[in-house]
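In: How does the following fold in three dimensions:
(chains A, B and C)
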Amino acid sequence: MIKIDKETIKEMAVWAQVRVPEEEAEVMAKEFTETLAWIGERLKDPDLQKVSPMVSPFDEPIPLRRDEVIEGNQSQEILSNAPDTIPDFFCVPKMVE
Amino acid sequence: MSYRIQGETTEWELVCGLEIHCQIISQSKVFSGASTKFGGEPNNQASFLDAGFPGQLPVLNEKCVEQCIKTGIGLNAKINKYSVFDRKNYFYGDLPTGYQITQLFHPIVSEGYIEVETEEGSRTIGIERLHLEQDAGKSIHDMHPSKTMLDFNRAGVGLMEIVSRPDIRSPEEAGEYLRKLRSIVRYLETCDGNMDEGSMRCDVNVSVRPIGEGGYRPKVEVKNVNSVKFVMHAIEIEAHRQVDLYESGNKVLQETRLFDPINQETRPMRSKENALDYRYFPDPDLPPLILTDDYIENIRQNLPELPEQKKARFMKDFGLSAYDAGILVSDKETALYFEDAVQGQDAKKVANWIMGDLFAALNKTCLSISQSPIKAKDLGALVGMITSGTISGKIAKEVFEIMLETGKSPSVIVEEKGLKQVTDSTAIEGIIEKVLQENTDKVKEIKAGKEKLKGWFVGQIMKVSQGKINPVLANQLLEKKLSEKE
Amino acid sequence: MTDITELTLSETLNGLGSKEFSSVEVTSAYIKKMEEKRHLNAFITETPEKALEMAKASDTRRSKGHVGKLEGLPIAIKDMFCTKGIKTTAASRILSNFIPPFESTTTQKLWDAGAVCLGKTNTDEFAMGSSTITSYFGVTKNPHNENCVPGGSSGGSAAAVAAHMCAGATGTETGGSIRHPASFCQVSGFKPTYGRCSRYGVIAYASSLDEPGVLGRTIKDCAHMIEVMMGYDPKDSTSSRKEVPELHKMLDKNIKGMKIGIPREYTELVPSNWESALTFLKERGAVIVDIEMPHTEEAGMVYYVISQGEATTNLARYDGVRYGERAPGETLEEMYMNTRMLGFGQEVRNRIILGTFFTSAKGYYDYFVPAQKMRSLIKQDFDKAFEKVDVLFSPSVPIRPFTIEEAKHGAAKGRFNDTYLMPSCLAGLPAGCAHNGLQVIGRQWDEATVLKVLDVVEEIK
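Out: Numbers count the residues shown, from 1 in each chain, chains lettered A, B, ... in the order given. Model (predicted):
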């Protein structure tokens, strides 16, 4: 049985860019370990070996779009909700390489 | 000699593969209807999808699919009739949705190869895959003291990522591979191959191993190496760094490093990038891409001529050597120039003029062949004038220099400067007669058996005529005149 | 004159058609009702001025003879649908000031058909829940018992329909988010086959499951709205090109000879009217067939893994850069972390973290892919069932609405809360429930039969 510890929760939190306070991480790890045990039980069905994974219920072919420019010239609308801009650019705290 | 790195204890071999991102030539982006044009007003070529707005969905551009297939065929690769788009998840300022749509598990193209010519002959570099994905936006770090500015005009432009197998064994081979690949995408017009503008970008995977050792040692990915020269450089530097590490008893860490061309070194990227799990999984917004044989075949039928095919044709139709044909097809512009110039002309002569005088002149002035001040048709005409005897080879060199400076056509130059070769024998005979009369002593010496002086006379005749007489003709007429003097 | 808001959507359409009243009158009546019932907190954003403006325009169109299928009808929109120029929040703080510069396809189709927008309804944050208690804008109360939750996640829409604050409303389903609150609020709810309604402009929760749908007072009301919302959209790559029938005209009350399957696994807990419901259907000439759906029990687990895995990447775009509320930070990463800490509620954050695990190298092959395989088995259960029967019939949510207090203590995690709803979402099938809490599930693309049977089921007391 897989055991999720606090460190795993914190690692996931970094990947997901979500902050998890120490005490929450503890609780989450415990709950999640239980949940995974429950899921693990349910995945023991031998029939699983016989089927392929279902990604989506949609079973029609992918539509292809013609190569035409039909969007753009809307920087004001694109920027209209932004919390921080310098004319025509979005701004974020300085990124360092 | 194969490329080897001599260490203290042993000789090392390079193991290298390239990952090349090619921006696809298309009007609109791969999943949105915004323009792909380079250099528009910031964020004015971003659709709501490109800027990662909620509720926005991707719709695949058929042109991008076609371009991948074309390129795949050009790389002698397998076109996969079933391919799938995946999400690659990570946070970065220039990635508006927090994931990039790409193809991990089922790429559109796989298993191809490129033949590269090296000093040791032809080598085959395997291509593992070509997949279709989105480009990211651009971050501008140097316009504000405390902020990074983001522009999503580039976000969503279609990219072909072409991943080679670790078959490359020397920096030169890497350079050749890159040049050849660039030439192919340019021939096919699927990518403009412009590394300066970033429409073609290269990451390099480098590892080393002692000669004779099987298997692979940990590889280092060197990012952002954006010219052929830098690629060769970065490989050299990174390979030596690794050899030094091994030789001093250390290990090489599997990691991502950045090439710093100024300090001539590679340095590690923040370790976080290395610990990242991209959490790929199939994008539920996009059904699998299913291609039919007919569709692929149709593209194959309409494919423009590739460098290898063109080379074969140049050899067959124009009787060029493999070497000459190889040079002429090495980039599309040169091949087009040659084809324009050669019409109705002596192919071998045209080839020589291009590879000799023209290349030298362009090199000196740092111009590409498409920027050549001498138009292809004019170069052809110049060769034509030599062939027809209108001007001599010597005069032609002079005309060539003037063409280079002025861009004028050779006939105009010849006309203006009166450089036309004198072909009227009466006129030539007049000149010869004059020279002979002024040097009667030397004529006598010839008569006395000093045959060598004939050459001196030809020189004099050419000098007097300012080179406008065909030397062969001058010789013939001189013989005739001398015999008349007896 | 009687209170116009007492009329069903279909009756209102008739009244508008016979010029008994104008759209402005209907709209004004609903606006008044919205004010009266504001304490239910069914709406996040009310748009009365916009509504009256649209109603006026509708009346003008009608006077010129231009009559859309929903001409003049005032409706409410779940706050998961982007509406151009109208704040759209997904009930999250992170989008609490977001004004979309574009319109979702399905709402556009509603406006094009003449409908009038009353406002945006409350939901669980990012539609993650079945109580409407995780909304940043507060809990919605169940109009039938204000101590109780309205169900969820389309709880605001269900409450608004139940309290006659609108003629009908849109909802979205991912794991039962229309049928659940419809059952709790005793209204009708319907979602078509996955791929019928465009997802363009609908804020994504789990892309392979999300499907827009409707809530109404009657099945016929639902049919009127959903036939307008359905149809091909070139902006959504998972939108079907299949023709959309005129659904509201197909409700002929005739189910004679129809084979109705009862999945055994869906009857472990049944409401008190269950036996009489079966008798009723038999009396109407339906043939009742016992069906086995052996993987039903696994749906909850599959839903859990897949919805969280997909949600974690769908919600990655909320980073405080291009829209939404930003919390400052010294570095980019700090800004991301602070913004997402401030902007997302705890339930959403938990799901994001667990979803990250399921899609990570550690979780993908052991949990995510097997869950997708189990999803195939669940779908196969339906495929086999529909070889024998035309539709499936069962209770929707066989429990009483829980109180707001109970909901805060995890009542929604109870076993029977959504067990009967999730499998049809995973299989992407059309499904709906009547105000009496009984549901019908149909074959892929066969919305007509589902609505036709529901229209009869609706009569069951």
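In: Can you give the domain ranges for chain B?
Out: B:5-297, B:305-417, B:425-484 (automatic domain parsing).
In: Report whether the longest one contacts chain C.
Out: Yes - with CB under 8 Å from any CB of the partner chain as the threshold, domain B:5-297 lies in contact with chain C, specifically through B:48, B:51-60, B:87, B:89, B:91, B:93, B:96-99, B:148, B:150, B:277, B:279-281, B:283-287. In this view, the C-beta of every residue, glycine as well, is placed from N, C-alpha and C.
In: What distance separates the opening and closing residues of that domain?
Out: From its first residue to its last, domain B:5-297 covers 46 Å (CA to CA, to the nearest Å).
In: returning to that earlier point: so of the residues of domain B:5-297 next to chain C, which ones are in strands?
Out: B:60, B:87, B:89, B:99, B:148, B:150, B:281 (DSSP state E).
In: could you dump those residues to TSV with pLDDT?
Out: Below are these laid out as TSV (pLDDT from 0 to 100):
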residue	pLDDT
B:L60	98
B:R87	97
B:N89	96
B:Y99	97
B:T148	95
B:L150	97
B:F281	95
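In: Going by distance to B:S28, which of those wins?
Out: Checking those against B:S28 with CB to CB, the nearest one is B:L60 at 11.1 Å.
In: what bridges to the closest one?
Out: Beta-bridge partners for B:L60, by DSSP bridges, are A:L64.
In: thinking again about what came up before, columns mean neighbour count and distance to C:V287 on top of the domains of chain B, output as JSON lines?
Out: Shown next, in JSON lines, are these (neighbours: other CB atoms under 10 Å in any protein chain shown; distance: least, CB to CB, whole Å):
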{"stretch": "domain B:5-297", "mean neighbour count": "20", "distance to C:V287": "36"}
{"stretch": "domain B:305-417", "mean neighbour count": "18", "distance to C:V287": "66"}
{"stretch": "domain B:425-484", "mean neighbour count": "15", "distance to C:V287": "107"}
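In: give me the beta-bridge partners of the residue nearest to B:S199 when sequence neighbours are not counted?
Out: Nearest residue to B:S199, sequence neighbours excluded (CB to CB, 6 or more residues apart in numbering or on different chains): B:Q23, at 4.1 Å. According to DSSP bridges, the residues that bridge with B:Q23 are B:L159.
In: check contacts around B:Q23.
Out: B:Q23 makes contact with B:36, B:135, B:157-159, B:191-192, B:198-200, according to CB atoms under 8 Å, 6 or more residues apart in numbering or on different chains.
In: what's the answer for B:D378, then?
Out: B:403, B:409-410.
In: okay, the residue nearest to B:S199: pLDDT?
Out: Here the pLDDT value assigned to B:Q23 is 97.
In: Report the contact partners of the residue most central in space within chain A.
Out: In chain A, the centroid-proximal residue (CA atoms, centre = their mean) is A:A16; its distance is 6.8 Å. A:A16 sits next to C:312, C:316, C:352-353, C:355-356 when contact means CB under 8 Å, 6+ apart.
In: Let me know the pLDDT of the closest residue to it other than its chain neighbours.
Out: Of all residues not flanking A:A16 in the chain, C:T356 sits nearest, at 4.3 Å (CB to CB, 6+ apart). What the model reports as pLDDT for C:T356 is 96.
In: same deal with B:G326?
Out: Per-residue pLDDT puts B:G326 at 88.
In: element containing it, please.
Out: Secondary structure from DSSP states H and E places B:G326 in helix B:322-329.
In: If you count neighbours, what's buried in the longest helix along chain A?
Out: Longest helix of chain A, by residue count under DSSP state H: helix A:22-42. In terms of neighbour count (16 or more other CB atoms under 10 Å in any protein chain shown), helix A:22-42 has its buried residues at A:24-25, A:28-29, A:32-33, A:35-36, A:39, A:42.
In: Using CSV, lay out these together with pLDDT and distance to chain C.
Out: As requested, the buried residues of helix A:22-42 are exported to CSV (pLDDT from 0 to 100; distance: CB to the nearest CB, whole Å):
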residue, pLDDT, distance to chain C
A:E24, 88, 8
A:A25, 91, 9
A:M28, 92, 7
A:A29, 93, 10
A:F32, 92, 6
A:T33, 94, 11
A:T35, 91, 8
A:L36, 92, 7
A:I39, 92, 5
A:R42, 87, 5
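In: could the residues you listed be laid out in TSV, adding distance to B:L291?
Out: Below are the buried residues of helix A:22-42 laid out as TSV (distance: CB to CB, whole Å):
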residue	distance to B:L291
A:E24	48
A:A25	47
A:M28	44
A:A29	46
A:F32	42
A:T33	45
A:T35	41
A:L36	39
A:I39	37
A:R42	37
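In: now, which of those residues lie close to chain B?
Out: Counting by CB under 8 Å from any CB, nothing from the buried residues of helix A:22-42 sits close to chain B.
In: which residues touch residue 62?
Out: Since no chain was named, I'll use chain A. By CB under 8 Å, 6+ apart, the contact list for A:I62 reads B:60, B:286-290, C:237.
In: if you could check chain B rather than the one you did, that'd help
Out: With CB under 8 Å, 6+ apart, B:E62 has these contacts: A:64-67.
In: Just the buried ones out of those residues, please.
Out: Neighbour counting with 16+ other CB under 10 Å marks A:64-65, A:67 as buried within the contacts of B:E62.
In: picking that back up, among the contacts of A:I62, find me the one that's closest to B:V243.
Out: B:L289 (43.2 Å).
In: Give me the phi and psi angles of the closest one.
Out: phi -90, psi 120 (degrees, to the nearest 10).
In: Pairing-wise in the sheet, spell out the partners of it.
Out: B:S83.
In: Do I have it right that it meets B:N61?
Out: No - B:L289 is beyond contact range of B:N61, at 11.6 Å (criterion: CB atoms under 8 Å).
In: What sits closest to C:E310 if chain neighbours are left out?
Out: In space, C:E310 comes closest to C:A206 once its chain neighbours are excluded; the distance is 4.0 Å by CB to CB, 6+ apart.
In: For the one you found, the count of nearby residues, please.
Out: Residues near C:A206, counting by other CB atoms under 10 Å in any protein chain shown, number 25.
In: Give me the neighbour count for the closest residue to chain A within the stretch 301-450 of chain B.
Out: Closest contact between the stretch 301-450 of chain B and chain A, by CB to the nearest CB, is at B:N302 (15.8 Å). Around B:N302 there are 9 other residues, counting by other CB under 10 Å.
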